[in-house]
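Asker: need the 3D shape of this:
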Amino acid sequence: MIQRVLVVSILSAGTAACVGRSGNNSNASSPGPAIFCAVAGDCPVGQDCIDGNCAPEVTPGKDAISGGDATGPTTADAASESEANPATTPQDGGGAVGEGVGSAPAGSACKLDQDCDDNKACSLDKCVNGYCYHPIKSEPACSCTKTGDCDDSNACTANICKSGLCTYAKFVNPNNADPTCCAADGECADPSGATSGKCVEYHCIFKAISKCKVNADCDDSNTCTTDVCVSGACENKAKLGCCMADAACSDDNPCSVDTCDKGTCQFKGASSAGCCADVSACDDGVPCTLDSCEKYQCQHQPAGDGCCVTDKQCDDGKACTIDTCQNGTCDHQPGSNCCKTATDCDDSSPCTADECKGGECVNTPKNDCCITDLDCDDNNPVTTDACVDNVCSSTTSACGDGTCGDGESCQSCAGDCGPCNSDKCTPGTTCCTAAGQFAPKGTVCGTLKTSVSYVCSGGGNGSDVLKTYKLPGCAGTSTLCSSSSTYAVAQSEVYKTCPTTQKCQVTSPQTPGNCVSGDKCTPGSTCCPDGQYAAKGTKCGTFATKKLYTCSSASKGATIYLSEAFGGCTGSSTSCSTSATYLYWSPQQTYKKCSSTQYCQVSSTGTTASCSTTP
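Answerer: Prediction:
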């Protein structure tokens, strides 16, 4: 008899008009808000708590509603009610996920949530207004396929099956809205001011507003609250760590069984796959993993350097290798991008030494190497700077050295450049200064580019494509502007700027170069943090491969120190090596403090240590 036991003052035998609604909606109007209760103390003076409602005290043995037995509806009532409302009685099952007859089916009388346990894993046990409801958990394990799977037997909820999970909302009958259904506390205000309303499971629960005298007046029958009377008002404060139902003990761990035992939450490991009660259930049969049971869930971590659980843990930082985890051990196979010879690593720059090491290209810059004359500019106006065969050459142009060098003219140094063809030239014309003197040799006087070629500014990531050429130059002894090799002036400009993740590549000096993928050192790996190889001995291992113990002194009360060795970077590759040459040793840390009567003793190899009463 769901309708009769839910809200006696307003529900009748009408049939629900909207698909997805739980139970029936009342078609009768209510003269005022009902005062719901759990115990007699919730009701005004002169009233008793009968079937979850405050009502005038009645003679024992009589039903306050129908004249039947006060302990609940009669068998005849239940039968007639079931016939009148066959779709909403608990005996029909309701179609809810996992629905069945439990120890406390929907509609059972209750005082506390634990009174409503229906022994169903997918339902929540709720005691509202003295009766049990069982909304379905919104969890993948309790999935739904239709609205009927979500029936919680609550007349005030609209049942929704969305994306395979049950959800609930306030049910509103457009023809005859139920005033006691709610979605928030604000909808449960009592205009008379005689009661205070609270929205619980979409039902307005009203409690009489009366002053208390002693703490006993405030008893809410909830073992998890401390009930006190303060200045005539009841305060029911929740007890820390106390529970009343299993649902209050959820730790959001899928591998724990959460129960409420005598007001205290208990958590035990589940027996499902991947879950554990102790480490014995976590052996994965892989010798290269350390198996543990943490928070009832099995964990498998690599047992040491070279061991793995996932492919990602095997990344060696080389872009050309295919890194996989095979039976707990890392495997590195050469890919299509690996080099075989130094020729595969040619970066078209004459200023790098190109090598193929372990399938990975290494382009090492050469010292004092140049590509254009501009690379050799020493900012000294009296020197002539040139790049000859990729080597810088700087010569001093001094009057009297017998050579008419850049910056000299017949007027400034007739001894080196010879006499001028005339005494003066027209100021502002080609190869003539504003003072009417011949422009020095090496002064650019034309725009025609000759001897055009393309080179890289260097090797490695961020190198640019340069365009080199020569422009006509002044002779220094006349207004002659010539493109001949004697007078032409070498120039260069950036033809294409490459980002730091790319590098320049020129296949032929006569063909414009391009930006291609950079050196095969992937930024972000331990031994290649920013595109450059990390220094030799940089820590890259996560598990200690060696331990070294030392004593602080040979006296009593000495301290035992421990230092651990981890894999280190080689300085020339992204490999993490455990070779003694590259190991990273951690700073010393205190391992153990010997007492005032003990000596520190360390083995000859330094691999073991202990405190002893003998030196």
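
Asker: and the strands in the stretch 301-450 of the chain?
Answerer: Under the criterion DSSP state E, counting those that start in this stretch, strands of the stretch 301-450 of the chain are mapped to 321-326, 329-334, 352-357, 360-365, 383-388, 391-396, 450-456.

Asker: actually the stretch 501-615 of the chain, not the one I wrote
Answerer: Ranges of strands in the stretch 501-615 of the chain, per DSSP E, counting those that start in this stretch, are 502-505, 514-517, 546-551, 559-566, 568-569, 576-577, 584-585, 589-593, 599-602, 609-612.

Asker: just say which of the strands of the stretch 301-450 of the chain is most tucked in.
Answerer: Most buried of those by mean neighbour count (mean count of other Cβ atoms under 10 Å) is strand 360-365; its value is a mean of 20. (C-beta placed from N, C-alpha, C; glycine too.)

Asker: ok so, going back, could you export the strands of the stretch 301-450 of the chain as CSV, including distance to residue 228 and mean pLDDT?
Answerer: Shown next, in CSV, are the strands of the stretch 301-450 of the chain (distance: least, Cβ to Cβ, whole Å; pLDDT from 0 to 100):
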stretch, distance to residue 228, mean pLDDT
strand 321-326, 61, 85
strand 329-334, 64, 82
strand 352-357, 78, 82
strand 360-365, 75, 74
strand 383-388, 93, 74
strand 391-396, 92, 74
strand 450-456, 84, 89
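
Asker: can you add distance to residue 575 and give those strands back as a markdown table?
Answerer: Converted to a markdown table, these look like this (distance: least, Cβ to Cβ, whole Å):
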| stretch | distance to residue 575 |
| --- | --- |
| strand 321-326 | 10 |
| strand 329-334 | 9 |
| strand 352-357 | 10 |
| strand 360-365 | 9 |
| strand 383-388 | 37 |
| strand 391-396 | 35 |
| strand 450-456 | 28 |
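
Asker: so which of those strands comes closest to residue 612?
Answerer: strand 329-334 (40.4 Å; Cβ to Cβ).

Asker: list the helices and strands the closest one packs on?
Answerer: strand 321-326 (3 or more Cβ pairs under 8 Å, 6 or more residues apart in numbering; DSSP states H and E).

Asker: just give the nearest non-adjacent residue to residue 263, would you?
Answerer: The shortest distance from residue 263 to any non-neighbouring residue, by Cβ to Cβ, 6 or more residues apart in numbering, is to residue 242 (5.2 Å).

Asker: just give me the neighbour total for the one you found.
Answerer: Neighbour count for residue 242, taken as other Cβ atoms under 10 Å: 16.

Asker: bridged to it, which residues?
Answerer: Beta bridges link residue 242 to residue 264 when assigned by DSSP bridges.

Asker: how near is it to residue 222?
Answerer: Separation of residue 242 from residue 222 (Cβ to Cβ, to the nearest Å) stands at 9 Å.

Asker: please apply the same query to residue 199.
Answerer: For residue 199 relative to residue 222 (Cβ to Cβ), the value is 18 Å.

Asker: same question for residue 467.
Answerer: Distance of residue 467 to residue 222, given as Cβ to Cβ: 85 Å.

Asker: spit out the contact partners of residue 412.
Answerer: Residues in contact with residue 412 (Cβ atoms under 8 Å, 6 or more residues apart in numbering) are 399, 440.

Asker: which stretches in the stretch 51-200 of the chain count as strands?
Answerer: According to DSSP E, counting those that start in this stretch, the strands that the stretch 51-200 of the chain contains are 53-56, 126-128, 131-133, 157-162, 165-170, 195-200.
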